[in-house]
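Colleague: Sequence and predicted structure are below.
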Amino acid sequence: MNVSYGAGENLVRAVNSLSFQLKQGETLGIVGESGSGKSTAALSIMGLLPRSAKYSSEKLEFHSQNGINHILNKNTIKALRGREMSMIFQDPSSALNPVQKCGNQVAEPLLVHLKQSKTEAKQNCLKLLEEAGLNNAEEIAKAYPHELSGGQKQRVMIAMAMACKPSLLFADEPTTALDVTVQSTILDLLNRLKSQHQMSMVFISHDIAVVSKMADRVLVMKDGILLEEGKTVDVFTHPKQAYTRGLLACRPPLHERFIRLPTVEEFIQAENAGKQPEIIIEEPNNRAKRHTEIYSKDPILKVCDLNVSYSLRSGFFSFIIRKKQILHDINLELFKGETLGLVGESGSGKTTFGKAILKLIPADSGKVVFLGKDLIELSLTELRSIRKDIQMVFQDPFSSFDPRKTIAEILLEPMRAQKVLKTDKERIFFIGGILQKVKLDGGVLKKYPNEFSGGQRQRIGIARALTLSPQCIVFDESVSSLDVSVQAQVLNLINDLKRDLEFSCIFISHDLAVVRYMSDRLLVMENGRIVESGDSDTVFANPQHPYTQKLIGAIPTTEF
């Protein structure tokens with residue numbers, strides 16, 4: 001199989017001479033960094049490549065459960081897609097139709113492929129939603145995608161994919177950006193459905209720990225090329241390629257604390273030079289000494305009895321409002337130079353808290369005292385002047401950037417608003433220094449957000465926060481959608497910047513391994529309340545609250 005884009009000097013080989021087999025009832029895992037060709041390979045088999053792609057294959061055979069052998073081409077793929085072959089896409093928010101109710105979308109393959117009546121399709125739709133683990137199936141069927149949580153939308157996608165009981169299921173990053181408990185239930189659901197329907201599955205992910213729990217065999221891809229394949233236990237316990245060893249090493253470990261995460265590139269360079277990659281484990285005494293220095297000072301941020309609720313209307317044109325409480329009496333302190341980790345499931349209130357302390361959403365009551373001033377009580381003018389000292393890096397920098405503006409305009413905007421420096425010439429010179437700190441060159445300034453990878457966009461998001469030289473930065477799920485290698489680079493970058501510029505961090509994430517690695521202290525939030533707090537290593541080693549124990553127990557590992 002070969003897939004390419006462009007021509008001549010602009011030719012990009014997305015998949016290069018890929019060959020593999022999948023047995024009946026087997027789960028094949030495909031791992032690799034973003035851009036390795038994982039999703040492109042699946043989309044090519046499903047016949048879903050864009051028109052700009054050039055696809056070729058010597059032989060592509062598919063044996064369905066009814067024993068028929070299909071030679072796949074454009075016509076046969078179209079006939080089989082949705083019925084015999086199905087796919088769970090990476091982002092259910094963009095894969096689901098925002099203007100159709102979820103029940104209609106699940107019923108569509110039943111109507112189109114199985115020619116069921118509307119009444120029969122509706123009944124089977126509810127059964128499929130229940131089979132996908134949604135107990136309130138009737139309510140979900142009547143809801144639009146934006147009314148559901150990430151885990152619920154992913155289950156709706158699974159129900160759609162399983163509607164016609166396919167022989168082959170492609171699961172493309174089905175748990176990316178989901179918290180560990182929802183991820184665990186989705187993985188258990190996929191395994192149960194696979195066993196129940198005697199289905200084969202191709203499971204695509206950049207998370208090696210997840211793939212190790214799901215796959216019987218695994219393919220490791222890089223730059224469109226298959227580097228390594230074999231039984232999952234063999235590949236992950238005795239990897240032959242430096243690239244595979246690098247992927248395994250750059251994930252933050254749960255039982256050790258590295259000073260700096262090794263990256264895939266560092267592994268490959270070290271092994272090519274005949275050396276072992278250097279991994280330095282932080283000394284507990286050094287960590288304790290640093291904490292003594294941090295906590296001997298006064299806090300720069302103090303949150304007291306913070307309560308936040310949302311107003312919900314009973315209808316689009318209705319004035320009847322009811323309140324839904326999101327945060328309940330939150331109290332915490334943040335010290336200069338500290339990284340405070342905040343973890344919890346989706347819907348626990350983490351992002352709401354981050355936005356509330358920046359007053360991006362209003363609080364019902366409480367105090368947010370930053371540098372001696374209560375942000376809740378400040379006027380708009382006073383708040384604007386102090387906001388340069390407390391910034392936020394959002395989960396998805398692409399949606400937080402104006403796609404019509406160049407990177408130069410995006411980075412200049414906050415500096416102009418806060419009157420940082422006098423002229424744009426001075427500001428551009430200053431921005432050049434910031435870009436160097438985030439490992440980007442000045443050539444990015446003339447480009448637009450859509451011209452960058454996820455990791456590059458996240459670096460630009462960090463650069464935008466740094467243009468105002470803040471004393472505190474809130475990182476809201478800032479690495480959740482990045483592959484493990486890019487994630488390691490961004491985490492190292494944040495730690496380097498934090499050390500050099502001496503700002504404080506609030507690090508919000510559902511990825512407990514990442515939060516433990518980044519944080520000095522850890523807060524665990526459940527249903528808008530802080531249920532446990534303490535030194536991050538201590539909380540991980542000896543969690544006291546049942547909810548914390550459940551979160552830590554759900555973390556996937558590569559142990560066999």
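Modeller: That came in fine, so what should we check first?
Colleague: Buried residues of stretch 395-413, list them for me.
Modeller: By 16 or more other CB atoms under 10 Å, the buried positions in stretch 395-413 come out as 395-398, 400-401, 406-408, 410-412. (Each C-beta comes from the backbone N, C-alpha and C, glycine too.)
Colleague: so where's the stretch 301-450 of the chain shaky on pLDDT?
Modeller: For the stretch 301-450 of the chain, the stretches flagged by pLDDT under 70 are 312-321.
Colleague: wait, what's in contact with residue 490?
Modeller: Under the criterion of CB atoms under 8 Å, 6 or more residues apart in numbering, the neighbours of residue 490 are 455, 458-459, 462, 478-479, 482.
Colleague: Show me how this structure divides into domains.
Modeller: The record assigns the chain these domain ranges, following automatic domain parsing: 22-51+62-244, 336-362+379-553.
Colleague: so residue 252 makes contact with residue 519?
Modeller: No - taking CB atoms under 8 Å as the contact criterion, residue 252 and residue 519 are not neighbours in contact, 10.9 Å apart.
Colleague: Check the gap between residue 269 and residue 278 for me.
Modeller: The gap separating residue 269 from residue 278 is 11 Å, by CB to CB, to the nearest Å.
Colleague: So between the two, which is more surrounded?
Modeller: Neighbour comparison, residue 269 and residue 278: the larger count goes to residue 269, with 14 against 9 (by other CB atoms under 10 Å).
Colleague: ok so, going back, if you count what's nearby, which of residue 252 and residue 519 comes out ahead?
Modeller: The residue with more neighbours, out of residue 252 and residue 519, is residue 519; 24 against 20, by other CB under 10 Å.
Colleague: Quick check on that one: phi, psi?
Modeller: According to degrees, to the nearest 10, the main-chain angles of residue 519 amount to phi -100, psi 150.
Colleague: Go ahead and confirm it touches residue 339.
Modeller: Yes - using CB under 8 Å, residue 519 makes contact with residue 339 at a distance of 5.1 Å.
Colleague: Need the residues touching each of these two.
Modeller: Taking CB under 8 Å, 6+ apart as the criterion, residue 519 and residue 339 both touch residue 507.
Colleague: Give me the below-cutoff pLDDT ranges for the protein.
Modeller: Low-confidence regions of the chain, defined here as pLDDT under 70, cover residues 65-70, 177, 277, 312-321, 560.
Colleague: What segments of the stretch 101-250 of the chain are strands?
Modeller: Along the stretch 101-250 of the chain, counting by DSSP state E, counting those that start in this stretch, strands occupy 168-172, 200-204, 217-222, 225-231.
Colleague: partners of the third one in the sheet?
Modeller: Based on DSSP bridges, the pairing partners of strand 217-222 within the sheet are strand 27-31 (parallel), strand 225-231 (antiparallel).
Colleague: Turn these into TSV, columns for distance to residue 326 and mean neighbour count.
Modeller: Formatted as TSV, the strands paired with strand 217-222 follow (distance: least, CB to CB, whole Å; neighbours: other CB atoms under 10 Å):
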stretch	distance to residue 326	mean neighbour count
strand 27-31	37	26
strand 225-231	46	16
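Colleague: how about those strands, which one is nearest residue 539?
Modeller: Go through these one by one with CB to CB and the one that ends up closest to residue 539 is strand 27-31, at 29.8 Å.
Colleague: Tell me the buried residues in the helix or strand just after that closest one?
Modeller: As assigned by DSSP states H and E, the chain's next helix or strand after strand 27-31 is helix 38-46. When burial is assessed from 16+ other CB under 10 Å, helix 38-46 yields the following buried residues: 38-46.
Colleague: by how many degrees do helix 38-46 and strand 27-31 diverge?
Modeller: In this structure, helix 38-46 runs at an angle of 130 degrees to strand 27-31, with axes from the mean of the first three to the mean of the last three CA atoms, to 10 degrees as the basis.
Colleague: who's in contact with helix 38-46?
Modeller: Counting by CB under 8 Å, 6+ apart, the neighbours of helix 38-46 from elsewhere in the structure are 1, 3, 14-15, 18, 30-32, 49, 53, 55, 57, 60, 72, 77, 81, 85, 87, 90, 170, 172-173, 202, 204, 206, 221, 224.
Colleague: Try it again at 7 Å.
Modeller: 1, 3, 14-15, 18, 30, 32, 49, 55, 60, 77, 81, 85, 87, 170, 172, 202, 204, 221 (CB atoms under 7 Å, 6 or more residues apart in numbering).
Colleague: what angle sits between that helix and strand 200-204?
Modeller: Here helix 38-46 points in a direction 150 degrees away from that of strand 200-204 (the same axes, to 10 degrees).
Colleague: Using CSV, write down the CA coordinates of helix 38-46.
Modeller: The C-alpha coordinates for helix 38-46 follow below in CSV (Å, rounded to 0.1, in the frame of the first residue of the first chain):
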residue,chain,number,x,y,z
LYS,A,38,-1.4,5.4,11.1
SER,A,39,-4.7,7.0,10.3
THR,A,40,-3.9,7.4,6.6
ALA,A,41,-3.5,3.7,6.3
ALA,A,42,-6.9,3.0,7.8
LEU,A,43,-8.6,5.7,5.8
SER,A,44,-7.1,4.3,2.6
ILE,A,45,-8.6,0.9,3.3
MET,A,46,-12.0,2.4,4.1
